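Asker: Provide a 3D model corresponding to the input given below.
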Amino acid sequence: MGHDLDDHMGDDMDNDRDGDMDGDRDDDRDDEFFEFIVQERPEGGYIAQSMGACIVTEADDLESLKREICDAVCCHFDDDCKPGRVKLRFVQVVREEFLEP
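Answerer: Residues are numbered from 1 along each chain as shown. All right, here's what the predicted structure looks like:
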């Protein structure tokens, strides 16, 4: 059950990013995105954590993860607030340290 975020976007909003009251958001949607950090889990599979909202999801493979991310974003945002696109930033942990403040 994959979702295309553009299918779930509201038609218009009362305010756009520039504060205009015309409600025309079609030009801005392609520029807006929501970002997830994606990492491979040591035990296998993938985990994705959003930047700027408390959304975390995981899956056994990348295609399933993409579906899970789209479902989570669609559930998290109201129709008129959903981002036009989701950016996945794949990272690999090279080194970890603990600090004692």
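Asker: now the helices: where do they sit in the protein?
Answerer: 26-29, 62-76 (DSSP state H).
Asker: Which of these sits closest to Ala48?
Answerer: helix 62-76 (5.6 Å; CB to CB). Just so you know, the C-beta spots here come from the backbone N, C-alpha and C atoms, and that holds for glycine as well.
Asker: Where do the strands of the protein begin and end?
Answerer: 33-40, 46-50, 56-59, 85-90 (DSSP state E).
Asker: Comparing these, which comes out most buried?
Answerer: Most buried of the strands of the chain by mean neighbour count (mean count of other CB atoms under 10 Å) is strand 46-50; its value is a mean of 18.
Asker: what's the burial count for the closest residue to Phe77 other than its chain neighbours?
Answerer: Of all residues not flanking Phe77 in the chain, Pro83 sits nearest, at 7.3 Å (CB to CB, 6 or more residues apart in numbering). Counted with other CB atoms under 10 Å, the neighbours of Pro83 add up to 18.
Asker: pretty sure Pro83 is touching Ser50, no?
Answerer: No. Counting by CB atoms under 8 Å, Pro83 sits too far from Ser50 to count as a contact (10.4 Å).
Asker: so what sits against both of those two?
Answerer: Jointly contacting Pro83 and Ser50 under the rule CB atoms under 8 Å, 6 or more residues apart in numbering are Phe34, Val73.
Asker: Redo the helices of the chain as a markdown table? Include distance to Ile37 and mean pLDDT.
Answerer: Shown next, in a markdown table, are these (distance: least, CB to CB, whole Å; pLDDT from 0 to 100):
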| stretch | distance to Ile37 | mean pLDDT |
| --- | --- | --- |
| helix 26-29 | 23 | 49 |
| helix 62-76 | 11 | 94 |
